[in-house]
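1. Structure here, sequence nowhere to be found:
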């Protein structure tokens, strides 16, 4: 009888240890899902940012010359490869927003294509001249043929960012 009691207590001890390990794993998983950011420019908060799709809808309702103060989150499509002085963000449906940085006060790392960012500042719609389009194409590393093919100004979505949060992975 005594041996049965020892076997029962040993089994109970083994089962209770297994439950503790599961709890530790779930706590580690919670910590792993916490998002951290690398800040650039003015201090901004990550909350209340519009999604790229919501921002695309706002841009679609704006005319050349309109502007709004807002915050949005999106994926980086490209960054200036000369010094990180601009970036293009994906709005979905083959649309992009050109992001510049207020007063050239800060620049972004050149290797962040494909990463998510949160930007805060002013969104506006403008028309970019052929000269500027060619300059941006050159900065992006486009070929001579691609640059020469730019012959007309283009209506674009632009964002003057006061601050950026780069999502760390």
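-> Nice, thanks for sending it over. Predicted model only: the values in this text are computed from it and were never measured. Residues are numbered from 1 along each chain as shown.

2. For residue 123, give me its contacts.
-> 55, 58-59, 62, 67-70, 72, 97, 157-159 (CB atoms under 8 Å, 6 or more residues apart in numbering). (C-beta placed from N, C-alpha, C; glycine too.)

3. Partner strands of the helix or strand harbouring it and their direction?
-> Counting by DSSP states H and E, the secondary-structure element that holds residue 123 is strand 116-128. Within its sheet, strand 116-128 is paired with strand 67-79 (antiparallel), strand 154-168 (antiparallel), according to DSSP bridges.

4. Buried residues, it. List them.
-> Of the residues in strand 116-128, 116-121, 123-126, 128 count as buried by neighbour count, 16 or more other CB atoms under 10 Å.

5. any chance of those in TSV, plus distance to residue 138 and pLDDT?
-> Conversion of those to TSV gives the following (distance: CB to CB, whole Å; pLDDT from 0 to 100):
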residue	distance to residue 138	pLDDT
116	27	97
117	23	98
118	28	97
119	24	98
120	28	98
121	25	97
123	25	97
124	24	95
125	24	94
126	20	89
128	14	85
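
6. how about TSV for the contacts of residue 123, with distance to residue 111 added?
-> TSV is the format used below for these (distance: CB to CB, whole Å):
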residue	distance to residue 111
55	24
58	29
59	27
62	31
67	30
68	30
69	29
70	27
72	22
97	20
157	24
158	23
159	21
